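Chemist: predicted model, plus sequence, below.
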Amino acid sequence: MANVDVRATGTGAGHHRSTHGAERVARTQLRAQIATLERQLSDALIASFPDPAPAVAAPVASAGPRVLGLGELEAVRDALVERLAGAREEAFRRGERQEAARALLERMLLAPGRHKFVRVANRDLGEDGCGVWQVRPRLGLIGMLMGWWQVKLSSGCPLAG
Amino acid sequence: MSADPDVHEGWVARDLALEFPALRVAWVTVGAPRAGRSPRELRERLRRLADRFHGARALTMRREPIPAAYRAFFRQVGLDPDVQRTPAEAAALARLMEGGVHSHGPLADALTLAVLETGVPVWALDDARVDGPLGLRASEAGERLGEGELAADLPAGRVVVADAAGAVAVLFGDVAPSHRPGRATSRLRLFTVAVPGVPELHVEEALLECADALSGHSAGG
């Protein structure tokens, strides 16, 4: 009976140790995943500038810095995966919008008369600055009456105040 | 020119070290600065530093190796760096919000200089209140942050910077009021916490940068 008890205890302790070891390895892997996801999320945020950052879930009151358990680390990782997916989806949609705006600008340049007063902002094209491409009549009213249309790029940002 | 102060390596509790093998705490001890305005050179350094920190840098710094390491570590210990900013990002954001790096006295300026120059945060304690080497560990049930009536209760398991007597600061958080430098402080203990991914060189640089900014302006000469 004594032998059985000793063996059972020993096996239990060994199993306990190996479980702890396995959990620590799992936590280490989760932390590595979190670091990778955080880096990718930072890249996505910077790539999306100057568009607003992807929406952040309502901040949860922090319990302060602590060693997170497996479940907590998984929750952090999953939240990052979700945010990253949202950021990439938004980047994809933004790319499509910019592609459409570029195509429109090309059509405006090719046939200004068919795109009277249409405007495309540089920002819609994914470019910096406040410039706006607009189809306007050459020489004002005369151009309107004669059908002389051109694409003009307004430059610069409006002055503050 | 005075010699650089010795950089001391702190301890990390075993359970914490097993989880974060590269986590470390280090410190230097320097004379406390005289009360009053920061010296002209220090204010000038802050001004030059502000010129290097524009909006784009504040945004892209999260991709730089050291700020990125702190961001990742924040996530790993349950802090959201988009809610509680990492020290370097908080300093960069403050520079944008205030339209410059404004002087707030010699000690605050030296701490700001160190974090903006190196990305590694530095905190200060009244050295006379610190009992032995600093280290990192999880707080125990019923433990308080510092001593006296202003000492706040700490929940068990919070990662704290501690000395032989107890917790003196929450990791990346508040310093115990009882250990904050004050008018009577003659020597400061400047400490930093390096997270995995932060090279040793930068840890020393942050501490020595801060010590250097304070040297020559200490109450003791």
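Modeler: The structure has been received and is ready for your questions.

Chemist: which residues touch residue B:200?
Modeler: residue B:194 (CB atoms under 8 Å, 6 or more residues apart in numbering or on different chains). C-beta: built from backbone N, CA, C; applies to glycine.

Chemist: phi and psi next, for it.
Modeler: Dihedral pair for residue B:200: phi -60, psi -40, per degrees, to the nearest 10.

Chemist: and the strands in chain A?
Modeler: Assigned by DSSP state E, the strands in chain A fall at A:119-121, A:132-137, A:149-154.

Chemist: most tightly packed of these?
Modeler: Highest mean neighbour count among the strands of chain A (mean count of other CB atoms under 10 Å in any protein chain shown): strand A:132-137, with a mean of 18.

Chemist: just the C-alphas of that strand, formatted as PDB.
Modeler: Provided in PDB are the C-alpha atoms of strand A:132-137 (Å, rounded to 0.1, in the frame of the first residue of the first chain):
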ATOM      1  CA  VAL A 132      -8.500  68.800 -55.400                       C
ATOM      2  CA  TRP A 133      -8.800  67.900 -59.000                       C
ATOM      3  CA  GLN A 134     -11.900  69.500 -60.600                       C
ATOM      4  CA  VAL A 135     -13.400  69.800 -64.000                       C
ATOM      5  CA  ARG A 136     -14.100  73.500 -64.600                       C
ATOM      6  CA  PRO A 137     -15.000  75.500 -67.700                       C
END
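
Chemist: for that strand, what is the distance to the chain centroid?
Modeler: Computed by CA atoms, centre = their mean, to the nearest Å, the chain-centroid distance of strand A:132-137 equals 31 Å.

Chemist: quick check: the closest residue to residue B:152 other than its chain neighbours vs chain A, distance?
Modeler: Of all residues beyond its chain neighbours, the one nearest residue B:152 is residue B:145 (4.8 Å), with distances taken as CB to CB, 6 or more residues apart in numbering or on different chains. Shown here: residue B:145 relative to chain A, a distance of 11 Å by CB to the nearest CB, to the nearest Å.

Chemist: who's residue B:145 bridged to?
Modeler: Residue B:145 forms beta bridges with residue B:152, residue B:167, as assigned by DSSP bridges.

Chemist: and if you look at residue B:24?
Modeler: residue B:194.

Chemist: only alpha carbons, please: show stretch A:89-100 as PDB.
Modeler: Extracted C-alpha coordinates of stretch A:89-100, given in PDB (Å, rounded to 0.1, in the frame of the first residue of the first chain):
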ATOM      1  CA  GLU A  89     -10.200  45.000 -44.100                       C
ATOM      2  CA  GLU A  90     -10.400  48.800 -43.800                       C
ATOM      3  CA  ALA A  91      -7.100  49.000 -45.700                       C
ATOM      4  CA  PHE A  92      -8.500  46.800 -48.500                       C
ATOM      5  CA  ARG A  93     -11.700  49.000 -48.700                       C
ATOM      6  CA  ARG A  94      -9.600  52.100 -48.700                       C
ATOM      7  CA  GLY A  95      -7.500  50.700 -51.600                       C
ATOM      8  CA  GLU A  96     -10.600  50.000 -53.500                       C
ATOM      9  CA  ARG A  97     -11.900  53.500 -53.000                       C
ATOM     10  CA  GLN A  98      -8.600  55.000 -54.100                       C
ATOM     11  CA  GLU A  99      -8.500  52.800 -57.100                       C
ATOM     12  CA  ALA A 100     -12.000  54.000 -58.100                       C
END
